[in-house]
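[1] just the structure for this:
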Amino acid sequence: MSTIERELLRNVNEKIELIEPSTGKLFFEHKTELVFVKPRLMPLKSQALQSLEEMHRETARQLQKKRTKRNNSNNNNSNENNNKKAGEAQMVAA
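    Take a look at the predicted model:
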């Protein structure tokens with residue numbers, strides 16, 4: 001037993017007069033007092049989930065950049081083709 005438990009038992013024995021039965025078994029319950037601790041804030045998302053979400057966002061950004069580049073290059077090619085066709089039409093008309 002630790003010194004704190006011994007002191008608690010002494011205090012309990014001093015306050016309560018124990019009645020020991022002559023036959024049977026004697027039970028003694030030591031009830032501990034509740035100790036309240038400062039509450040801790042728990043994160044709503046784990047670090048693993050946050051890193052997965054960040055990876056997903058980064059991948060989505062990269063895909064968006066590729067799509068915009070592809071669309072821009074397709075638009076430029078179609079504009080050049082339209083300009084060539086318009087030039088050919090002017091030559092044919094002349």
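
[2] residues contacting Thr59?
    Neighbouring residues of Thr59 by C-beta atoms under 8 Å, 6 or more residues apart in numbering: there are none. Backbone N, C-alpha and C define where each C-beta goes, glycine included.

[3] can you classify it as helix, strand or coil?
    helix (DSSP: H, G, I helix; E, B strand; the rest coil).

[4] Lys66 versus that one, what's the distance?
    Using C-beta to C-beta, to the nearest Å, we find Thr59 at a distance of 11 Å from Lys66.

[5] ditto for Gln50
    Counting by C-beta to C-beta, the gap from Gln50 to Lys66 is 25 Å.

[6] ends of stretch 43-51, how far apart?
    Stretch 43-51 stretches 14 Å from its first residue to its last (C-alpha to C-alpha, to the nearest Å).

[7] residues in contact with that stretch?
    For stretch 43-51, using C-beta under 8 Å, 6+ apart, the contacting residues are Glu53.

[8] please identify the buried residues of it?
    For stretch 43-51, the neighbour count (16 or more other C-beta atoms under 10 Å) marks no residue as buried.

[9] report pLDDT for Met91.
    pLDDT recorded at Met91 is 57.

[10] that should have said Leu26, apologies.
    Residue-level pLDDT assigned to Leu26 equals 65.

[11] pLDDT weak spots in the protein?
    Confidence mapping of the chain against pLDDT under 70 gives the ranges 1, 12-18, 20-21, 26-28, 78-94.
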